[in-house]
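Engineer: Need the 3D shape of this:
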Amino acid sequence: MVAQPASEEVATTESSSTDPSGKSAKSDGAEGLSRNQLINVLADSDAVYLGEFHDRDYDHTAQLEIIRALHARDPNIAIAMEMFHRPFQGFIDDYLAGDIGEEEMIAKTEYETRWGFPWELYAPILRFAREEGIPVIAANVPRELTRKVAAGGLDALEEGDFRYAPPVEDIRLDNEGYRAMLSDIFQMHAHMGAGHAAGGEDGDAKANDDGFERFFSAQVLWDETIAESVAISLREDPERQVVVILGRGHVAYDFGVPSRVERRLVEEDGMTDFTGTSVFFAEGGAEPIEPPTPELVDLSPVDYFWSF
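Structural biologist: Modelled structure (predicted):
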């Protein structure tokens, strides 16, 4: 998201439940699946989107459980992570290869300042990837570029910026459902006092409109960069599954990353058999999600809830 945690959902930390008799819940209300049945569904997907609350233990414990289970079925997987920015891919590769240690990797990727949620939430995933030789993709656009777009729009991007960002023509701003959803988030934060940074004085409609357009463009740049990172991995090896670790806001209703991966691979590349599946985490049962706008009432925000 553009200004973390401005448009992310935040929850208090919860512990995980591992009751093997539990059932997952399908977001459309269909009968739930067992743990193994849901893993089988995910194993048949080219891309698996694991949408998280960033600060919740349960989500990260479940993510690792899913990654372990998928890797056990087919070790040809990669993990794409929102938490790392593209310019630091080499340092992640060095860590995975055993050339540098964990502390050095954290420092060189600037994890603490660029992401900042407790490292121990993500450390088990990185450690497992290192043990098993699983590629980890630094999927995110550098913060400097989202800030530049939030301040001056997409026109503020310069030629050198596109080393780490998709071409402007690939940054699609035409999803009206996503626009409506993020407009509500933008207005909420403007009313909470973020209006100056986001677009100008409260009550100044033109300034707020301009501010929202920049906010929305920066958000979509973030999504498109992660989507491009996933698509590149699948183009390089169509047999490899990519598990994507990212916030719920980038997954809900397929608006953020999933639809943009599909656009690249299906519409542009003709990969007609591509499948992507999204998962949110809910301890003790499916968490109700209130549609942020009336336009979204009849849409499912996610494919499955992991609620074992």
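Engineer: I'd like the average pLDDT over stretch 271-283.
Structural biologist: Regarding stretch 271-283, the rounded mean pLDDT is 95.
Engineer: From start to finish, how long is that stretch in a straight line?
Structural biologist: Terminal residues of stretch 271-283 lie 35 Å apart, using Cα to Cα, to the nearest Å.
Engineer: Could you pull out the buried residues of that stretch?
Structural biologist: By neighbour count with 16 or more other Cβ atoms under 10 Å, stretch 271-283 contains the buried residues 271, 274, 276-283. C-beta here means a position set from N, CA and C on the backbone, and glycine is covered the same way.
Engineer: Equivalent analysis for stretch 55-73, please.
Structural biologist: 55-67, 69-71.
Engineer: Please identify which pair of these lies farthest apart.
Structural biologist: The distance between the two most remote of the buried residues of stretch 55-73 (Cβ to Cβ) is 25.4 Å, for Asp55 and His71.
Engineer: Report all helices and strands that the helix or strand where Gln187 lies contacts.
Structural biologist: Gln187 belongs to helix 176-189 when assigned by DSSP states H and E. Applying 3 or more Cβ pairs under 8 Å, 6 or more residues apart in numbering; DSSP states H and E, we find helix 176-189 packed against helix 195-198, helix 205-236.
Engineer: Return the set of buried residues in it.
Structural biologist: Neighbour-count burial for helix 176-189 flags 177-179, 181-183, 185-186, 189 (criterion: 16+ other Cβ under 10 Å).
Engineer: so which one among those has the lowest pLDDT?
Structural biologist: Lowest pLDDT of those: His189, 68.
Engineer: Let me know the pLDDT of Lys206.
Structural biologist: pLDDT, Lys206: 53.
Engineer: Run through the chain and note the low-pLDDT ranges.
Structural biologist: Scanning the chain for pLDDT under 70 picks out the ranges 1-23, 27-31, 189-207.
Engineer: In it, what residue spans correspond to strands?
Structural biologist: All strands of the chain, identified by DSSP state E, fall at 25-26, 47-52, 77-85, 136-140, 241-247, 276-281, 304-306.
Engineer: Between the ones you listed, which one is closest to Glu112.
Structural biologist: Judged by Cβ to Cβ, the one of those that comes nearest to Glu112 is strand 77-85, at 11.2 Å.
Engineer: Given the closest one, what are its sheet partners and their directions?
Structural biologist: In the sheet, strand 77-85 lines up against strand 136-140 (parallel), strand 241-247 (parallel) (DSSP bridges).
Engineer: Now that we have the ones you listed, can you turn them into TSV and tack on distance to Ser217 and mean neighbour count?
Structural biologist: Output for the strands paired with strand 77-85, formatted as TSV (distance: least, Cβ to Cβ, whole Å; neighbours: other Cβ atoms under 10 Å):
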stretch	distance to Ser217	mean neighbour count
strand 136-140	16	24
strand 241-247	18	25
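Engineer: would TSV of the buried residues of helix 176-189 with distance to Asn140 be doable?
Structural biologist: Putting those into TSV (distance: Cβ to Cβ, whole Å) gives the following:
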residue	distance to Asn140
Gly177	23
Tyr178	18
Arg179	22
Met181	20
Leu182	18
Ser183	23
Ile185	19
Phe186	21
His189	21
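Engineer: Before I go, just wanted to say thanks for your time.
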